[in-house]
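S.K.: Turn this into a structure:
(2 chains)
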2 protein chains.
Amino acid sequence: MEENNDITRTELDELGEFGLIDRLTQDFPLRNPSSLKGVGDDAAVINHEGYRTLVSVDLLVEGIHFDMTYTPLRHLGYKSAVVNFSDIYAMNGTPTQIVVGLGISNRYSAEALDELYSGIRLACEEYHVDMVGGDTTSSKSGLVISITVIGMAKEEDVVYRSGAKPNDLLCVSGDLGGAYMGLLVLEREKAEFLANPNMQPQLQGFDYVLQRQLKPEARRDIVARFKELGIKPTSMIDISDGLASEVLHLCKESGVGCQLFEGKIPQDPTTVKIAKDFQIVPSIAALNGGEDYELLFTIDQNDYEKIQKMSEDVSIIGYMTPDKGIAELITPDNHAIPLKAQGWNHFKTES
Amino acid sequence: MEENNDITRTELDELGEFGLIDRLTQDFPLRNPSSLKGVGDDAAVINHEGYRTLVSVDLLVEGIHFDMTYTPLRHLGYKSAVVNFSDIYAMNGTPTQIVVGLGISNRYSAEALDELYSGIRLACEEYHVDMVGGDTTSSKSGLVISITVIGMAKEEDVVYRSGAKPNDLLCVSGDLGGAYMGLLVLEREKAEFLANPNMQPQLQGFDYVLQRQLKPEARRDIVARFKELGIKPTSMIDISDGLASEVLHLCKESGVGCQLFEGKIPQDPTTVKIAKDFQIVPSIAALNGGEDYELLFTIDQNDYEKIQKMSEDVSIIGYMTPDKGIAELITPDNHAIPLKAQGWNHFKTES
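M.R.: This is a model prediction of the structure:
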């Protein structure tokens, strides 16, 4: 919960804009043959001959998406990159390049930004993605991180949100609700720390949910398994705003309905335990908590046997119906409740 | 200098994130065959088969890059898009798609954001570019606009900053220093308005420099003429930080030196007159003032006759030398002064 003690602190105005850019963007080797030109020109040059190019952008704003009190900058850099990669996997593609826009206040030293970039660098290494450009500028208040990811996919591989058909199986990777529980734990410790700054944070036993919140991974492995098994989902989306919101997106874009079984929602025992400690119904954490970055997808029933081979990583949680606009949660005692997207309404949390 | 009087004011929390996104992103028809899928999925899908994909990002932050006191939102939207297009033209390419990241505070109404997007829409229309995705979130303070542009170019057409050779001619499109003079005029009127809010701003006679500052254009026409005339610049960059800074970029990336003739720097008579009123040497406004978004490029001497056909739009302002690292400004009385990049050191202007 403490700020990094900078042994060396280099002020940004000592470096100037170009000095800072040189410092931050060094040591990002290009790993993809399609990355023809990276940082250092007016634009990056990419060669995706014969493939579809995929593009997505995410903007992360201090005080809205992250709280510097408990977010290590290295983790923040890693997460900022990985959540973008997740958007490309959700198209059944492979992320290949990112460009990074950074707005920074003088409050940050060059060393702090090195930390942020070390996280971005690690994510690029892990996911074999090239950092090929960016824009670094100052900001009047806090940190703003804009990451645009470019990816590729063969024409026949691209999966949209709009392809779900009635009777398709609704599936999700991994388990849900953990990232939201991690956030609640961190917020609780922050509140206690503010009340009593001498107190040490109590984070033992929360490793799983803290990692889900602070250092999430994108499900590259799921997309790779699809290829091995010859599965092409009929629709797919990544879970950034909570399961309910994403199910509704698939239904809306595909023009179908859905029956989602509450009892089938996969949850880690740690998540369930912490949710109960917070007096939250665990499935609500999965439905309305965000940032799990798991993949939600539909498959044709003919792929049922294939998907069974992924049963360690994938849960079947429902099926699509012809009832356009009707998405229902089926409770364990067989009540049907209309699904509602609580999502992250950032506009409402602000004063 | 007045804030827009919203007849209708729709608060952002009435719309929610998805409602706002739907509202802002409607009415952006796709114009390029390469734009296979626009807004509404995890990523946009682009088909640049057989072409190089070019990518660039710019981050614009309220209070740093623009001042809402005198920047109409529609102009701001237009400029945000156009300055990105300029980066793609500077690679001798064609911008084809943008994705828009927007951080907004509650201070803005939905109608204000409509204005911003109407400017982005106009720029997309004028330049035949598709808006294919984005991310809209809240911000604790002020407006943050992140635009990533995707462009394309044939492999053999891409021009880097690094290709200038000794004896190449250094050329620039249009005229320089106007955007900076526009900024000074606006800052002066703002100061007077703050001192006496009943005063009407005096902006007559300043149309040219105000347009250069508030509604710049990217030099698509120059790139089109290159193709007509069979000119391929050996290196190119767009002028966002001032002529001096950009010349130094070309020299550094190409490993050459440069002799730049002060007397050859093209300037509009209005710019010269206003600079003198502000007691600024006009060429200094061109060398160190930014945001002109003209193209600075080098050509082989063999292309001299071809470039003469563009003499209405292009000025030859110097030549490259083998003296790596030595970039000099030659004054009208034949003194050689080392070029220095003042640029926009945003980090220094902040408190």
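
S.K.: Domain-wise, how is chain A divided?
M.R.: Using automatic domain parsing, the domain parsing of chain A gives A:12-157, A:169-349.

S.K.: now do the same end-to-end measure for stretch A:171-182.
M.R.: 24 Å (CA to CA, to the nearest Å).

S.K.: Could I get the full set of helices for chain A?
M.R.: A:12-25, A:73-89, A:110-127, A:178-195, A:207-214, A:220-229, A:243-254, A:269-277, A:282-288, A:304-308, A:346-349 (DSSP state H).

S.K.: Worst mean pLDDT among those?
M.R.: If you rank the helices of chain A by mean pLDDT, helix A:346-349 sits at the bottom with a mean of 42.

S.K.: thinking again about what came up before, with distance to chain B and mean neighbour count as extra columns, can I get the helices of chain A in CSV?
M.R.: All C-beta atoms are positioned from the backbone trio N, CA, C, and that covers glycine. CSV is the format used below for the helices of chain A (distance: least, CB to the nearest CB, whole Å; neighbours: other CB atoms under 10 Å in any protein chain shown):
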stretch, distance to chain B, mean neighbour count
helix A:12-25, 4, 18
helix A:73-89, 4, 25
helix A:110-127, 10, 20
helix A:178-195, 16, 19
helix A:207-214, 18, 21
helix A:220-229, 12, 17
helix A:243-254, 7, 23
helix A:269-277, 24, 18
helix A:282-288, 14, 23
helix A:304-308, 20, 14
helix A:346-349, 4, 16
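
S.K.: will you turn the domains of chain A into CSV that also has distance to B:N198?
M.R.: Below are the domains of chain A laid out as CSV (distance: least, CB to CB, whole Å):
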stretch, distance to B:N198
domain A:12-157, 29
domain A:169-349, 35
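
S.K.: Run through who's touching stretch A:221-234.
M.R.: Residues from elsewhere that reach stretch A:221-234 (CB atoms under 8 Å, 6 or more residues apart in numbering or on different chains): A:89, A:92-94, A:157, A:159, A:163-165, A:168, A:171, A:173, A:254, A:295, A:297-300, A:303, A:306-307, A:309-310, A:313-314.

S.K.: ok, of those residues, which come out buried?
M.R.: A:89, A:92-94, A:157, A:159, A:163-164, A:168, A:171, A:173, A:254, A:295, A:297-300, A:303, A:306-307, A:310, A:313-314 (16 or more other CB atoms under 10 Å in any protein chain shown).

S.K.: sorry, back to before: sitting in strands, which of the contacts of stretch A:221-234 do you find?
M.R.: The members of those that map onto strands under DSSP state E are A:94, A:171, A:173, A:295, A:297-299, A:314.

S.K.: Distance of the spatially closest residue to A:S315 that is not a sequence neighbour relative to A:D207?
M.R.: On the basis of CB to CB, 6 or more residues apart in numbering or on different chains, the spatially nearest residue to A:S315 that is not a chain neighbour turns out to be A:P266, at 4.3 Å. Distance of A:P266 to A:D207, computed by CB to CB, to the nearest Å: 19 Å.

S.K.: Ok, A:A327 next?
M.R.: Taking CB to CB, one finds A:A327 at 34 Å from A:D207.

S.K.: swap in A:G263?
M.R.: 27 Å.

S.K.: ditto for A:V100
M.R.: If you go by CB to CB, the gap between A:V100 and A:D207 works out to 29 Å.

S.K.: What of A:A110?
M.R.: From A:A110 over to A:D207 (counting by CB to CB), the distance is 31 Å.

S.K.: circling back to that earlier point, for the ones in strands among the contacts of stretch A:221-234, which one is nearest chain B?
M.R.: A:L295 (9.9 Å; CB to the nearest CB).

S.K.: got a list of what the closest one touches?
M.R.: A:89-90, A:172-173, A:219, A:222-223, A:236-239.

S.K.: For B:Y319, state which of these is nearest.
M.R.: Distance to B:Y319, by CB to CB, is smallest for A:Y89 among these, at 50.2 Å.

S.K.: Surely the closest one and A:I239 touch.
M.R.: No. Using CB atoms under 8 Å, A:Y89 is not in contact with A:I239, being 11.7 Å away.

S.K.: Next, find the distance separating the residue nearest the centre of chain A from B:M131.
M.R.: The centre of chain A sits closest to A:V83, judged by CA atoms, centre = their mean, with a distance of 3.2 Å. Distance check for A:V83 against B:M131: by CB to CB, it reads 22 Å.

S.K.: closest to B:G50 out of the helices of chain A?
M.R.: helix A:73-89 (22.0 Å).

S.K.: the inter-axis angle of the closest one versus helix A:220-229?
M.R.: 30 degrees (axes from the mean of the first three to the mean of the last three CA atoms, to 10 degrees).

S.K.: per-residue confidence for A:G38?
M.R.: 82.

S.K.: er, A:S351 I mean
M.R.: The model's pLDDT for A:S351 equals 30.

S.K.: contacting residues around the closest residue to A:E217 other than its chain neighbours?
M.R.: Nearest residue to A:E217, sequence neighbours excluded (CB to CB, 6+ apart): A:V82, at 6.3 Å. Shown in contact with A:V82 (CB under 8 Å, 6+ apart): A:123, A:127, A:216-218, A:293.

S.K.: distance of A:P269 from A:V209?
M.R.: 11 Å.

S.K.: Check A:C124 too.
M.R.: Distance, A:C124 to A:V209, by CB to CB: 26 Å.

S.K.: cool, and A:I280?
M.R.: Counting by CB to CB - A:I280 and A:V209 are separated by 12 Å.

S.K.: repeat for A:S235
M.R.: A:S235 is 29 Å from A:V209, by CB to CB.

S.K.: Please apply the same query to A:S138.
M.R.: A:S138 is 35 Å from A:V209, by CB to CB.

S.K.: just A:C251 next, same as before
M.R.: Taken as CB to CB, the span from A:C251 to A:V209 is 29 Å.

S.K.: Of all the residues in stretch A:32-46, which ones are buried?
M.R.: Buried, per 16+ other CB under 10 Å, within stretch A:32-46: A:32, A:34-46.

S.K.: out of those, what pair is the most spread apart?
M.R.: A:N32 and A:D42 (20.3 Å).
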